[in-house]
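1. turn this into a structure:
(2 chains)
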Amino acid sequence: MRDLLTFSSVALAAMLLVFSFYAAAYGRPAAGPLEDPNDKYRITIDNFSFTPASLIVPAGTTVTWANRDDVPHNVVSTEKKFKSPVLDTDEQFSYKFTDPGAYEYFCSIHPKMTGKIVVQ
Amino acid sequence: MAKFIIPGYSEDGIDRRGFLKCMAWAGTGAFCVIKGGVLKSYGLSQMARYAAVAGKGDLSFVQISDSHIGFNKPANTDVTATLQEAVAKINALPAPPAFVLHTGDLTHLSKPEEFDTLDQVLKSVKTSRIFYVPGEHDVLNDNGQQYLERFGKGAQGGGWYSFDQKGVHFIGLVNVLNLKAGGLGTLGQEQLEWLEKDVERLKSSTPIIVFAHIPLWAVYPEWGWGTDDSEQALSYLKRFGSVSVLNGHIHQVMQKVEGNVTFHTAMSTAFPQPQPGTAPSPGPLKVPAEKLRGLLGISDVNYLQGKHAVAIIDSPLQG
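-> Model (predicted):
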């Protein structure tokens, strides 16, 4: 009985851990599969820069940033509208832009790195 | 291998050639005796003489920087091992340093286990105390809370503080918090006000040693290697006869003398970074395994009370 209890709490902890990793990686709880796997709305982080640095998307688009650099970066809205966790190499972050407007962002670890999403 | 430069004690101004020579020694080890004025470089034969003088300094301490515990990519997949080698180098000094300064980026990703490893490794340093300032890699996700609780106890605001040792006033500054889009390192108004007050009571003859992670001079703003409001900070230190600024962040030795202020950056214990503008980005410099330890190291700092001179010996882990 005790073993079983221990086992279930370990399993529960493991599940929670997996869940929290998942939530951390995608920056929102209960994230399903990426809604828009289309590379069109994908921003690559490499050599301390966001590529493309400026991206125009229709409202409702989920944009994904993928860190391909060998140092960690993050994606932070200049107006504090969104903030990714720190992305190590090959980690990514997605954010759904619902309202039209211009969204400037930067890497708060390396603030020289800046980018912009224009939502139409 | 070590090279060094000695300033003229009676002259003023900056000898650009001397300055460039010192810069050219980046990563190969430099021995610099500093007291404002003209920088002069001396031959290797004279090194022993000055090293002996420096060794008898009134205050001797070691600066280490940029340990990046948790980093595991080329050119260094074992940054814990190179930090241990740096510790061995400190422990092999003829006299144990009064204390050790770590100028930030203790960890790579601010993970608790990375801080644990750093703490464990540095426990074996033969010294009385280790002082820290955070790097941007130590304040990820939590604005530095974890760092403050573990390494910044008793510090002000975001982790800044000062202390006195043998008549020298030491100031640890934090320029990695609340960074602004498009900007460089930032000290911020609260810290600047604290600094102004902190030095107010000091005599102008008090030697000042400032340490912070990101350079407090514009090394290469294009790569973020500078601090936006450092000039204001330095304006509070103008009246002091001897100011030394010790930084990390750029993973290579660089030096500059401006009036009474000497700026110096230390090597990393983890991985080298490219010289300004020589690569597409300041990312880790990938070097052959046999060259790595020649580009990592420690800085041994000696202060000579009578002469108000600060001598810095940059020694690579190997070579």
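
2. alpha carbons only for contacts and neighbour counts from here, please
-> OK.

3. in chain B, which residue sits closest to chain A?
-> residue B:182 (4.3 Å; C-alpha to the nearest C-alpha).

4. wait, a strand at that residue?
-> No - per DSSP: H, G, I helix; E, B strand; the rest coil, residue B:182 lies outside any strand segment and is coil.

5. what's the neighbour count on the nearest residue to it once chain neighbours are set aside?
-> The shortest distance from residue B:182 to any non-neighbouring residue, by C-alpha to C-alpha, 6 or more residues apart in numbering or on different chains, is to residue A:112 (4.3 Å). Using other C-alpha atoms under 10 Å in any protein chain shown, residue A:112 is surrounded by 23 other residues.

6. look up how far residue A:45 lies from residue A:112.
-> In this view, residue A:112 and residue A:45 are 13 Å apart by C-alpha to C-alpha, to the nearest Å.

7. re the thing from before, pLDDT at the residue of chain B closest to chain A, what is it?
-> Per-residue pLDDT puts residue B:182 at 96.

8. just to revisit the earlier point, can you tell me the helix or strand for the residue nearest to residue B:182?
-> Assessed by DSSP states H and E, residue A:112 sits outside every helix and strand.

9. now do the same contact list for it.
-> Going by C-alpha atoms under 8 Å, 6 or more residues apart in numbering or on different chains, residue A:112 touches A:106, B:181-184, B:222-224.

10. please parse chain A into its domains.
-> Under the assignment automatic domain parsing, the domains of chain A span A:1-31, A:33-119.

11. rank the ones you listed by pLDDT, which is bottom?
-> Looking at the domains of chain A, the bottom one is domain A:1-31 with a mean of 46.

12. what does residue A:46 show for phi and psi?
-> The phi/psi pair for residue A:46 (degrees, to the nearest 10) reads phi -150, psi 150.

13. sketch out the low-pLDDT regions of chain B for me.
-> Applying pLDDT under 70 to chain B picks out residues B:1-57, B:306-308.

14. cutoff 80 now
-> Scanning chain B for pLDDT under 80 picks out B:1-57, B:304-309, B:319.

15. and the strands in it?
-> Under the criterion DSSP state E, chain B contains strands at B:3-7, B:30-34, B:39-42, B:59-64, B:100-102, B:130-132, B:161-165, B:168-172, B:208-212, B:243-247, B:254-258, B:261-265, B:297-304, B:309-316.

16. how about JSON lines for these, with mean neighbour count and distance to chain A added?
-> Listed next are the strands of chain B as JSON lines, based on neighbours: other C-alpha atoms under 10 Å in any protein chain shown; distance: least, C-alpha to the nearest C-alpha, whole Å:
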{"stretch": "strand B:3-7", "mean neighbour count": "23", "distance to chain A": "32"}
{"stretch": "strand B:30-34", "mean neighbour count": "27", "distance to chain A": "28"}
{"stretch": "strand B:39-42", "mean neighbour count": "22", "distance to chain A": "33"}
{"stretch": "strand B:59-64", "mean neighbour count": "24", "distance to chain A": "21"}
{"stretch": "strand B:100-102", "mean neighbour count": "23", "distance to chain A": "19"}
{"stretch": "strand B:130-132", "mean neighbour count": "20", "distance to chain A": "19"}
{"stretch": "strand B:161-165", "mean neighbour count": "14", "distance to chain A": "23"}
{"stretch": "strand B:168-172", "mean neighbour count": "20", "distance to chain A": "20"}
{"stretch": "strand B:208-212", "mean neighbour count": "24", "distance to chain A": "16"}
{"stretch": "strand B:243-247", "mean neighbour count": "26", "distance to chain A": "17"}
{"stretch": "strand B:254-258", "mean neighbour count": "21", "distance to chain A": "21"}
{"stretch": "strand B:261-265", "mean neighbour count": "24", "distance to chain A": "19"}
{"stretch": "strand B:297-304", "mean neighbour count": "25", "distance to chain A": "21"}
{"stretch": "strand B:309-316", "mean neighbour count": "26", "distance to chain A": "23"}
